[in-house]
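[1] What follows is a predicted protein model with its sequence.
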Amino acid sequence: MTAQLISNTYLNAIEHTGYAIVENAIDEQLINDLIADCYRINPHFHVAGIGRLNDQQIDKTVRKDKTFWFDSSSQAQITYLATMEAIKTQLNREFFLGLFDYECHYAKYQQGDFYKKHYDAFKGRSNRIFTTVCYLNSPASGGELVIYKPKSKDIEVVIKPKAGTLVMFESERFMHEVLPADDVRYSIAGWFRKNASISGIIDPPR
Ligand SMILES: O=C(O)CCC(=O)C(=O)O
Ligand SMILES: [Fe+2]
């Protein structure tokens, strides 16, 4: 594992725009192992909830993807987590963010599945600081990630999922959505978090 996973070009992008799109961030072998892991656990993907802890609700008008939270049950997951750990160290060193840990899940979008406009974190109500999305396959069409400009309805960028691409953005700053998938779409959505106490609960798990 190299010390400098995210090159200066992307660190500059994060500093100046709050996000970065890093193609080929994750090597092909690991992507292959991760997708194989998705196939292995396919029966265990669950309809995703919205909100935190006891607030978890299933609302199929907001999102229709299925998810599986990492449980370190494969070498691929362990290697991916180690990679994110290295990126966390890099971000902390560069930006003094005090990122404390990382949580992530696989996501599977089948034909017609989407995730409507949302923020991953709200000021003072979440300890999610940085969102990461890693694409595991390259659907021919559909499932684009649309990121909106901060405090605006204008589109900042539309990202076509491509295996190995890692997208990173500030969780509180960017509204985003996943357009309906045509082809099946596999990804890993994850969050670097700060260890903050929220409503008296110290560092809620997710
Ligand atoms: O898969 C993506 O491109 C984004 C997913 C997302 O926004 C989320 O899981 O919160
Ligand atoms: Fe999101």
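    Arrived safely. Ligands and ions are numbered 1, 2, ... in the order given.
[2] Check which residues of the helix of greatest length in the chain are buried.
    Counting residues, the longest helix found in the chain (DSSP state H) is helix 75-95. By 16 or more other CB atoms under 10 Å, the buried positions in helix 75-95 come out as 76-77, 79-81, 83-84, 86-88, 90-91. Placement of C-beta: from N, CA and C, glycine included.
[3] Could you list which residues are in contact with residue 111?
    Counting by CB atoms under 8 Å, 6 or more residues apart in numbering, residue 111 makes contact with 142, 180-184.
[4] Check the secondary structure at residue 164 for me.
    When classified by DSSP: H, G, I helix; E, B strand; the rest coil, residue 164 comes out as coil.
[5] who touches it in this structure?
    23-28, 31, 134-135.
[6] Distance check, residue 107 against residue 4.
    Applying CB to CB, to the nearest Å, the value for residue 107 to residue 4 is 28 Å.
[7] Show me which of the two is the more surrounded one.
    Neighbours of residue 107 and residue 4, each counted by other CB atoms under 10 Å, are more numerous for residue 107; the result is 23 against 9.
[8] returning to what we had before: now the longest helix of the chain, how far from the chain's geometric center?
    Relative to the chain's own centre, helix 75-95 is displaced by 13 Å; criterion: CA atoms, centre = their mean, to the nearest Å.
[9] i'd like the first residue to be 41 from this point on
    OK, 41 is where the count begins now, so the last one is helix 115-135.
[10] what's the average pLDDT for that helix?
    Average pLDDT, helix 115-135: 96.
[11] How about exporting that helix as CSV, limited to the C-alpha atoms?
    Extracted in CSV, the C-alpha atoms of helix 115-135 (Å, rounded to 0.1, in the frame of the first residue of the first chain):
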residue,chain,number,x,y,z
GLN,A,115,-10.3,-10.4,2.7
ALA,A,116,-11.6,-8.0,0.1
GLN,A,117,-13.5,-6.0,2.7
ILE,A,118,-10.5,-6.0,5.1
THR,A,119,-8.2,-4.7,2.3
TYR,A,120,-10.7,-2.0,1.3
LEU,A,121,-11.0,-0.9,4.9
ALA,A,122,-7.2,-0.7,5.2
THR,A,123,-7.1,1.4,2.0
MET,A,124,-9.7,3.8,3.5
GLU,A,125,-7.7,3.9,6.7
ALA,A,126,-4.7,5.0,4.8
ILE,A,127,-6.8,7.7,3.0
LYS,A,128,-8.1,8.8,6.4
THR,A,129,-4.6,9.3,7.7
GLN,A,130,-3.8,11.3,4.6
LEU,A,131,-6.8,13.6,4.9
ASN,A,132,-6.1,14.1,8.6
ARG,A,133,-2.5,15.0,7.9
GLU,A,134,-3.4,17.3,5.1
PHE,A,135,-6.5,19.1,6.5
